[in-house]
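S.K.: Sequence and predicted structure, then a few things I'm wondering about:
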Amino acid sequence: MHLQWLNDVLVLLEEGNLSRAAARRNITQPAFSRRIRGFEDWLGVEVLERSTNRVVLSPALRSNEGEIRALIVRLKELRTKIGHFDASRATLAIAAQHAATCSAFPDMALRARSLFPGIQFRIRAGNLNDCVSMFLRGDTSMLLCYEAESVGALQFGPDIHREIWGNDYLVPVVGGALRYKVTDTGHAPANTPAIVYPDDSYFGQVLQKGQRSFGTPGAEAPPFGMTAFSSGTREMVLKGLGVGWLPLSMIHQEIESGALVSLARQYGKEPLQVVIYADQKVELAKTLIGFWGQTARPRR
């Protein structure tokens, strides 16, 4: 179907006469009639009622004049969008775990700006299950998350590409007044409360697999509170409300400044990977994940 056919039909509707419509389109009447025939062949329906002495526009054509006008406008807009598309100024939707949004994404965004200076991101933050659902529904074209070997990588089809952005660790930390109660050997005092993750959260599963103290409701430490959001855990730990497990990339500055004390020497740490998935059918996502794979953070 050619856009000129729709313009021909629109002029025909306005003039109500083949000869006058052909004159407005600057072609002969036979040529104009052939183009109307071409439109009818594509449509599969005759829009002109032809008899020996006259040609009449069908009622179906007249009743859809508004739709034809709107369709012409939309097609022209689409042609303009495609013809003037600028990937550097496009908007990319990413589903991201709350922790990865805070720890990894800012650096990723800075690097992406070096390739696409005007790119904009729409971050849809949530827990991992919600993020996967958004990604699979097509609400976003990329997924940013943490993965641990003990739990295993996510499984997607062949159209989904995976890249590792960098490595991280879940480490137990304390802050506030609790910092001063940590022993020289890195032990937290008996009955020190914990800020734990729910059993069904991703970090909760990781800490359960590793049987880590202070990590989940089933641990021996008395839980002060429970949250699936690491940003909430971080704030409560900084206030000295309990021991909490957090990605090292989220809290390395606080550990260096002394605001938080790491207990990893005594209670260990859980290795993590920061992973980005992209729908290969979305060209911008495909290009960007390749770029992020080439410029990934050095492995720790």
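M.R.: Ah, there it is. Model, not experiment: these values are computed from the prediction.

S.K.: Show me how this structure divides into domains.
M.R.: The chain breaks down into these domains under automatic domain parsing: 3-83, 87-166+274-294, 168-272.

S.K.: Redo these as TSV? Include mean pLDDT and mean neighbour count.
M.R.: Heads up, the C-betas are built off the backbone N, CA and C, glycines and all. Output for the domains of the chain, formatted as TSV (pLDDT from 0 to 100; neighbours: other CB atoms under 10 Å):
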stretch	mean pLDDT	mean neighbour count
domain 3-83	84	13
domain 87-166+274-294	90	18
domain 168-272	89	19
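
S.K.: separation between the nearest residue to Arg113 once chain neighbours are set aside and Arg79?
M.R.: Distance criterion CB to CB, 6 or more residues apart in numbering; nearest residue to Arg113, sequence neighbours excluded, is Ile119 at 6.6 Å. Separation of Ile119 from Arg79 (CB to CB, to the nearest Å): 23 Å.

S.K.: Equivalent analysis for Arg212, please.
M.R.: Distance from Arg212 to Arg79, by CB to CB: 58 Å.

S.K.: cool, Ala285 as well?
M.R.: 24 Å.

S.K.: what ranges do the strands span in the protein?
M.R.: With DSSP state E as the criterion, the chain has strands at 48-50, 55-57, 91-97, 120-126, 142-147, 160-175, 194-196, 223-226, 243-247, 260-262, 270-279.

S.K.: and of those, who's closest to Asp8?
M.R.: Closest of those to Asp8 is strand 48-50, at 11.7 Å (criterion: CB to CB).

S.K.: I am assuming Val173 contacts Leu248, so please confirm or correct that.
M.R.: No - applying CB atoms under 8 Å as the test, Val173 and Leu248 come out as separate, 9.1 Å apart.

S.K.: Now the common contact residues for these two.
M.R.: Counting by CB atoms under 8 Å, 6 or more residues apart in numbering, the contacts common to Val173 and Leu248 are Ile255.

S.K.: Please give the centre-to-centre distance between the helix ranked longest in the chain and its chain.
M.R.: The residue-count maximum for a helix in the chain (DSSP state H) belongs to helix 65-83. Counting by CA atoms, centre = their mean, to the nearest Å, helix 65-83 is centred 28 Å from the centre of its parent chain.

S.K.: Show me the contact partners of it.
M.R.: With contact meaning CB under 8 Å, 6+ apart, helix 65-83 is reached by 3, 6-7, 9-10, 13.

S.K.: Quick check: the farthest pair among these?
M.R.: Farthest-apart pair in the contacts of helix 65-83 is Leu3 and Leu13; separation 15.8 Å (CB to CB).

S.K.: Which residues are in contact with Arg24?
M.R.: Here Arg24 is in contact with 11, 15 (CB under 8 Å, 6+ apart).

S.K.: For this protein, which residue occupies the most central location?
M.R.: In the chain, the centroid-proximal residue (CA atoms, centre = their mean) is Ile94; its distance is 1.9 Å.

S.K.: so it makes contact with Leu143?
M.R.: Yes - counting by CB under 8 Å, Ile94 does reach Leu143; the two are 7.2 Å apart.

S.K.: Pull the CA coordinates from the longest helix of the chain and hand them back as CSV.
M.R.: Output of helix 65-83 as CSV, limited to C-alpha atoms (Å, rounded to 0.1, in the frame of the first residue of the first chain):
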residue,chain,number,x,y,z
GLU,A,65,-13.0,9.8,5.7
GLY,A,66,-12.0,10.8,9.3
GLU,A,67,-10.1,7.6,9.7
ILE,A,68,-8.3,8.1,6.4
ARG,A,69,-7.2,11.6,7.4
ALA,A,70,-6.0,10.4,10.8
LEU,A,71,-4.1,7.5,9.2
ILE,A,72,-2.3,9.8,6.8
VAL,A,73,-1.2,12.0,9.7
ARG,A,74,0.1,9.0,11.7
LEU,A,75,2.0,7.6,8.7
LYS,A,76,3.7,10.9,8.1
GLU,A,77,4.6,11.1,11.8
LEU,A,78,6.0,7.6,11.7
ARG,A,79,8.0,8.4,8.6
THR,A,80,9.5,11.5,10.3
LYS,A,81,10.3,9.5,13.5
ILE,A,82,12.1,6.8,11.5
GLY,A,83,13.9,9.2,9.2
